[in-house]
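Enquirer: Here is a sequence with its predicted model. Questions after.
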4 protein chains.
Amino acid sequence: MIKIALMGAGRIGKMHASMIDANPNCRVQYIYDINLEFAKEIAGQTGAKVATSPEDAINSNDVDAIFIASATPTHVEFITLAVKAQKPVFCEKPIDLNIEKVDECRNFIKDKNVPIQIGFNRRFDNSHAKVKVASQNNEIGKLELLIITSRDPAPPGIDYLKAAGGFFRDTTIHDFDLSRFILGNDPIEKISAFGEQLVSEDSKKVGDHDTAMLVMRSKAGVLIHINNSRRAVYGYDQRVEAFGSKGMIISNNQTQSSVERFSEESTFSKDPVQFFFIERYEQAYKTQLEEFVAMINNNTEPKVSFEDGRRALILANAAYESLNSGKVVDINFE
Amino acid sequence: MIKIALMGAGRIGKMHASMIDANPNCRVQYIYDINLEFAKEIAGQTGAKVATSPEDAINSNDVDAIFIASATPTHVEFITLAVKAQKPVFCEKPIDLNIEKVDECRNFIKDKNVPIQIGFNRRFDNSHAKVKVASQNNEIGKLELLIITSRDPAPPGIDYLKAAGGFFRDTTIHDFDLSRFILGNDPIEKISAFGEQLVSEDSKKVGDHDTAMLVMRSKAGVLIHINNSRRAVYGYDQRVEAFGSKGMIISNNQTQSSVERFSEESTFSKDPVQFFFIERYEQAYKTQLEEFVAMINNNTEPKVSFEDGRRALILANAAYESLNSGKVVDINFE
Amino acid sequence: MIKIALMGAGRIGKMHASMIDANPNCRVQYIYDINLEFAKEIAGQTGAKVATSPEDAINSNDVDAIFIASATPTHVEFITLAVKAQKPVFCEKPIDLNIEKVDECRNFIKDKNVPIQIGFNRRFDNSHAKVKVASQNNEIGKLELLIITSRDPAPPGIDYLKAAGGFFRDTTIHDFDLSRFILGNDPIEKISAFGEQLVSEDSKKVGDHDTAMLVMRSKAGVLIHINNSRRAVYGYDQRVEAFGSKGMIISNNQTQSSVERFSEESTFSKDPVQFFFIERYEQAYKTQLEEFVAMINNNTEPKVSFEDGRRALILANAAYESLNSGKVVDINFE
Amino acid sequence: MIKIALMGAGRIGKMHASMIDANPNCRVQYIYDINLEFAKEIAGQTGAKVATSPEDAINSNDVDAIFIASATPTHVEFITLAVKAQKPVFCEKPIDLNIEKVDECRNFIKDKNVPIQIGFNRRFDNSHAKVKVASQNNEIGKLELLIITSRDPAPPGIDYLKAAGGFFRDTTIHDFDLSRFILGNDPIEKISAFGEQLVSEDSKKVGDHDTAMLVMRSKAGVLIHINNSRRAVYGYDQRVEAFGSKGMIISNNQTQSSVERFSEESTFSKDPVQFFFIERYEQAYKTQLEEFVAMINNNTEPKVSFEDGRRALILANAAYESLNSGKVVDINFE
């Protein structure tokens, strides 16, 4: 039974608390949040102790591992504390919005031998994972085109937007990681990105984009397309298409039920697709946690590394560079 | 170039005239209809001569084959004339509504060696035909269950209903034939049928059914279900499902376009299915004609024989016997 | 927190134990099984106490409700004990295989005012439930045809078959109940049933069927078709189709993932459908339990009554009568 | 009856000859091809006269309209001859591979008042056309993202590649036009393009691409993605997706039949998609011809203008400029 200190008791922290609670191999031992009321709520539900400071939770002798689901600016601090305490870390994406801070942290953790798993949950979705397998095991032959469609059902509030660090670093970052995951050992080398403000006035107010398209090119010549929107009225649109020399595999959308309706106007009509990430990626979040538990128990490498988190951020930064310069930008992961 | 005498210039006659006209290996040489104006219309379109009597058309030296698309009560008469003239016959379904008349005709044509092809067009539909192939070539293993859904988009007028000879003999007869086609050499032995009057007042007025379900059993133990309705608001519902020991094949509905619509209310919504038989079975009607032409040119057996037409009628009659008696009825094809 | 005595620790008992454990509003207080080892296993997992006799569990002051998941022949006995103890009951289907025993129990429980919920889990499936709603709220107009396809992925062992009470009472009973659920207040009046032995030698040995088709008719003239098989190689085939005067709704199969594969041979290929009932009806089992908890907490009527369990058995018995007599059988629910 | 001079009797010329022949409102009066044998073949099938020179066909008093399906380098010459003769022109895409030559021709035809329809057949596909309608009539709200997937089933031979003028001008040109068609009055302003040689050695030999991805941006901020390949083993992949503020519409692929197969390995498996353009766009080619006939008979504007042909070429040229410079390129249609 792995005893976990959960950092952060907001929406995503609550979801993780429930999942840790339901997993028979771990439990929430400590919960810390800057907002004490939030922390108490989770404590009430899970039987966890409320920590009065991050150190209180992370350094407790009664804690085996650290699960970071707090606000992004705290991630690096908590990772650092956990690594000092030699405790395995799970950290929600992104590591940080600032690549220098990420690189500093990277230098610090080097040679510390503390496993850190980054929260790119989509890698653990059963359907997306089959796209990776088919792209790597020759089922579709040699991979040539990869297309990721990722559209949120509805835009977040302006407060979220202000802190999000920009559409590419907040949202597209998942798709950057998923691209890297499916490509395997073939690194992305070039990017050309477009961004628009079409969905909401809030985007314009904070100077962020809400609609985007980009193309990337891998070393082997695979072409990758990503398109994003902050608002798809039919639900959380999550598709991955891998095309190769011997075929194609698509991870298609999942509807809220399996009914099909037939009327004078239309046929084979299904319900809207799963509304948002907690519904759509429930299985993925559970599997992600199981992998974190297995990593600790079996002393294995994390399935999503700190470096994976860093490289997704580098791609997001390159997307902004392309957008601002009107040029195809070369990627440098060093 | 096969020169055809087309008997009947109504709706279905017109459709056949266009198809004969478009086929490079045959042409409408004579057109006969009891309504001279109808005949003249087709003559104008195809360059055919208008015949003043059935004999005029059928016995003409300038005619190689007879294509019967006239009213059902004339079918046997025209078949008889054609057989006397030793000319190959295509005859729309049903041969006749009266099994005694059909049996008499059967006796007459025996040993006359004139090929007669009956118009069960659905056998020639590419998708339905694949169901037969999969059921016979072991793709789905040994066939165990067969389910045919066949629903018209809208009920016909009362005049049609009065002459139609009853729902089973007019409509279900196609499904009886399709069942026999897919079963191959395995004969149907038992039937239990239900019929209702749910769709229109006209059905009640003429004492006919408009909604039906039945189950049949073949000698090998295959169970067959057919369901029918005279009104499906979403279009002409035509499905065939064959289930076997190693899998299943479904010939599913075909929509009017390949668009899919996504909105707040529904996703993957397609257009209505093809409206009615002329649209849905266009390819099948063309292939049926090609097979008729090939039968004449290659001197082969008809793909749908007079006996096939007779047996479908026997099944329809047995359905009525079951409906009236409340019993499972044994089929006798002798 | 409702404290439950769980009767039965076999496969289905284990599944229920996990779900009771995961539901925050109830817990397994006692577990009883004739096989002590089975009971101990669940006790170990859930923290429940092992009961040494049915009475020990059912009559405990520490128990609020009885959950019966034991072998069918024990159901009536445990229901009787629970009703005597005035404790709400959940009982897996079927109540019993013998209608006389069911009627006796019905007489006993009458006027005892103890709520009893029968385990027809499919009623709680979100997709099937939408078929009922659409059939009753005029979305598809007036219901006219109902088609249920229900095929197990693989046949059970011969020991199961020997005790199962026959295909109609063991398997089709779910579809009888689902038919009644969707029809609402419109009672089923007639049935004509066919059964075959096509799947396994075991069926023949025990004299049971493994393949079936039947047609029923409701008072309002709705025609209902059910088809069953004990073996569908592509997975647990569970479909419900309701057709009415204004449209159609289908609860279609659910595949194991949402990937679609495209190759030289085939396109839009999905994974097999959910393998069996625990996977396919996971949501339904959870909702069923939630409804049981809500029934107790809110003092409401059971969503699936003892009488529902009785009537499904009457339909199964009528199916056998039809099969044996070769006749359409009238249903008598009195 | 419009009497047509058909220029070109190769593969595409033959297809057009059949369609002209089958259309009741026009016929092939003259056929010209540099290869006399090809011309004679079509003459034999259609009853057309073989022209001994382009002028012979185009200037004949017996010819009402010119249909150009010859090799690309002859297009401008034949258009010029036809315009001089004041006869309406249909011309296959592209007008020419050289924009200067196109501009010269544009100057010549200006004020000549001879209608010229360019052969972008996809505009006439019923499903693609519904995407345009939905994008323009507010069905999907305001258009925001447009995604076109266009992949040939198999690469052409090296001789074709040598004359084709490059992947963007030969293949993507259809998608450039389709983008403009769906965007309506909103002009494309920017493009960023990527091209690869992944499919065949022939592409490398002739220095052409066979795999491509690009992103464009319209004046109103619509983002457009196109991806192409010269080889999709599952058939001719032709999809159009339009996403807007109120929904999405997809023109999806069309399979060769409507069967779905279910086995131990996979479910809902369909046949390969239509093999290539003659099968997939049969309806579109027929409608395109009907529109040409209607344009002449009703004296209306062409549905696809010379300027449409020119602008598609400008976009192709801009794609090459972007590819070569590694920059986002501004489009100039003047």
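Expert: Now that the structure is in, tell me what you want to look at.

Enquirer: Could you check how far the lowest-mean-pLDDT helix or strand in chain A is from the centre of its chain?
Expert: Of all the helices and strands that make up chain A, helix A:277-280 has the lowest average by mean pLDDT, DSSP states H and E, namely a mean of 90. Relative to the centre of its chain, helix A:277-280 is centred 12 Å away, using Cα atoms, centre = their mean, to the nearest Å.

Enquirer: Show me what it is in contact with.
Expert: A:15, A:121, A:236, A:238, A:254, A:273, A:274, A:285 (Cβ atoms under 8 Å, 6 or more residues apart in numbering or on different chains). No exception for glycine: its C-beta is placed from N, CA and C like everyone else's.

Enquirer: Could you identify the buried members of these?
Expert: By neighbour count, with 16 or more other Cβ atoms under 10 Å in any protein chain shown, the contacts of helix A:277-280 hold A:121, A:236, A:238, A:254, A:273, A:274, A:285 as buried.

Enquirer: The residues you listed in strands, which ones?
Expert: Counting by DSSP state E, the buried ones among the contacts of helix A:277-280 place residue A:238 in strands.

Enquirer: pLDDT and distance to residue A:184 added to the buried ones among the contacts of helix A:277-280, as TSV?
Expert: Listed next are the buried ones among the contacts of helix A:277-280 as TSV, based on pLDDT from 0 to 100; distance: Cβ to Cβ, whole Å:
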residue	pLDDT	distance to residue A:184
A:121	97	19
A:236	96	26
A:238	98	21
A:254	96	25
A:273	95	28
A:274	85	27
A:285	97	23
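
Enquirer: among the buried ones among the contacts of helix A:277-280, which are in reach of chain B?
Expert: With Cβ under 8 Å from any Cβ of the partner chain as the criterion, the buried ones among the contacts of helix A:277-280 include residue A:273 near chain B.

Enquirer: if we can go back for a sec, farthest pair in the contacts of helix A:277-280?
Expert: A:15 and A:273 (19.4 Å; Cβ to Cβ).

Enquirer: before we move on, back to that, which positions in the least confident helix or strand of chain A come out as buried?
Expert: A:277, A:280.

Enquirer: Which residues of chain A lie near chain B?
Expert: Chain A comes close to chain B at residues A:233-235, A:253, A:255, A:261-273, as judged by Cβ under 8 Å from any Cβ.

Enquirer: and of the buried ones among the contacts of helix A:277-280, the nearest to residue A:22?
Expert: residue A:285 (10.7 Å).

Enquirer: what's near enough to touch that closest one?
Expert: The contact partners of residue A:285, by Cβ under 8 Å, 6+ apart, come to A:15, A:16, A:19, A:121, A:124, A:278.

Enquirer: likewise residue A:173?
Expert: Residue A:173 touches A:93, A:94, A:312, A:313, A:315, A:316, counting by Cβ under 8 Å, 6+ apart.

Enquirer: Let me know the distance separating the second one from residue A:72.
Expert: Just to be clear, that refers to residue A:94. Note on residue A:94: its distance to residue A:72, by Cβ to Cβ, to the nearest Å, is 6 Å.

Enquirer: quick one, which of the two is more surrounded?
Expert: Neighbours per residue (other Cβ atoms under 10 Å in any protein chain shown) separate residue A:94 from residue A:72, with residue A:94 holding more: 25 against 20.

Enquirer: quick one, what contacts the more buried one?
Expert: Contact analysis of residue A:94 by Cβ under 8 Å, 6+ apart lists A:72, A:75, A:165, A:169, A:170, A:173, A:309, A:312, A:313.

Enquirer: give me that answer again for 10 Å
Expert: A:72, A:75, A:102, A:118-120, A:164-165, A:169-170, A:173-174, A:177, A:309-310, A:312-313, A:316 (Cβ atoms under 10 Å, 6 or more residues apart in numbering or on different chains).

Enquirer: Then residue A:269?
Expert: Contact analysis of residue A:269 by Cβ under 10 Å, 6+ apart lists A:255, A:259-263, B:234, B:260-263, B:265-270, C:247, C:249.

Enquirer: Write the ChimeraX selection for whichever of those are buried.
Expert: Buried members of those, defined by 16+ other Cβ under 10 Å, are picked up in ChimeraX with:
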select /A:255,259,260,261,262,263 /B:234,260,261,262,263,266,267,268,269,270 /C:247,249
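
Enquirer: Next step: the contacts of residue A:269 restricted to helices.
Expert: Among the contacts of residue A:269, no residue falls in helices (DSSP state H).

Enquirer: Mind checking which of the contacts of residue A:269 land in strands?
Expert: Members of the contacts of residue A:269 lying in strands (criterion: DSSP E): A:259, A:260, A:261, A:262, B:260, B:261, B:262, C:247, C:249.

Enquirer: If we check chain D, which of the residues you listed are in contact?
Expert: Contacts with chain D within the ones in strands among the contacts of residue A:269, as defined by Cβ under 10 Å from any Cβ of the partner chain: B:260, B:261, B:262.

Enquirer: In CSV: those, plus pLDDT and distance to chain A.
Expert: Below are these laid out as CSV (pLDDT from 0 to 100; distance: Cβ to the nearest Cβ, whole Å):
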residue, pLDDT, distance to chain A
B:260, 98, 8
B:261, 98, 7
B:262, 98, 4
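
Enquirer: Redo these as CSV? Include distance to chain C.
Expert: What follows is those, written out as CSV (distance: Cβ to the nearest Cβ, whole Å):
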residue, distance to chain C
B:260, 12
B:261, 16
B:262, 15
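
Enquirer: of the residues you listed, closest to residue D:212?
Expert: Among those, and counting by Cβ to Cβ, the member closest to residue D:212 is residue B:260, at 25.2 Å.

Enquirer: Contacts only, for the closest one.
Expert: A:266, A:268-270, B:267-271, D:127, D:241, D:248-252.

Enquirer: Now with 7 Å, please.
Expert: Residues near residue B:260 by Cβ atoms under 7 Å, 6 or more residues apart in numbering or on different chains: B:268, B:269, B:270, D:250, D:252.

Enquirer: okay, these in JSON lines with distance to residue D:58 next?
Expert: Converted to JSON lines, the contacts of residue B:260 look like this (distance: Cβ to Cβ, whole Å):
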{"residue": "B:268", "distance to residue D:58": "50"}
{"residue": "B:269", "distance to residue D:58": "48"}
{"residue": "B:270", "distance to residue D:58": "45"}
{"residue": "D:250", "distance to residue D:58": "42"}
{"residue": "D:252", "distance to residue D:58": "41"}
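
Enquirer: Spatially, which two of the residues you listed are the most separated?
Expert: Maximum pairwise distance in the contacts of residue B:260, criterion Cβ to Cβ, is 11.8 Å, between B:269 and D:252.

Enquirer: quick one: the strands in the stretch 151-300 of chain A?
Expert: A:188-196, A:211-218, A:223-229, A:237-244, A:247-251, A:259-262 (DSSP state E, counting those that start in this stretch).

Enquirer: Chain neighbours aside, what residue packs nearest to the residue nearest in space to the middle of chain A?
Expert: Nearest to the geometric centre of chain A sits residue A:120, at 3.2 Å (Cα atoms, centre = their mean). Leaving aside its sequence neighbours, residue A:120 sits nearest to residue A:177 (Cβ to Cβ, 6 or more residues apart in numbering or on different chains; 4.4 Å).

Enquirer: The one you found and residue A:304, how far apart?
Expert: 8 Å.

Enquirer: shared neighbours, the two?
Expert: Contact criterion Cβ under 7 Å, 6+ apart; residues bridging residue A:177 and residue A:304 by contacting each: residue A:120.

Enquirer: rewinding a little: can you tell me which of the contacts of residue A:285 end up in helices?
Expert: Using DSSP H, these in helices are A:15, A:16, A:19, A:278.

Enquirer: Tell me how many other residues crowd the residue lying closest to residue A:161 once chain neighbours are set aside.
Expert: Nearest non-adjacent residue to residue A:161, counting by Cβ to Cβ, 6+ apart: residue A:206, 4.7 Å away. Neighbour count for residue A:206, taken as other Cβ under 10 Å: 17.
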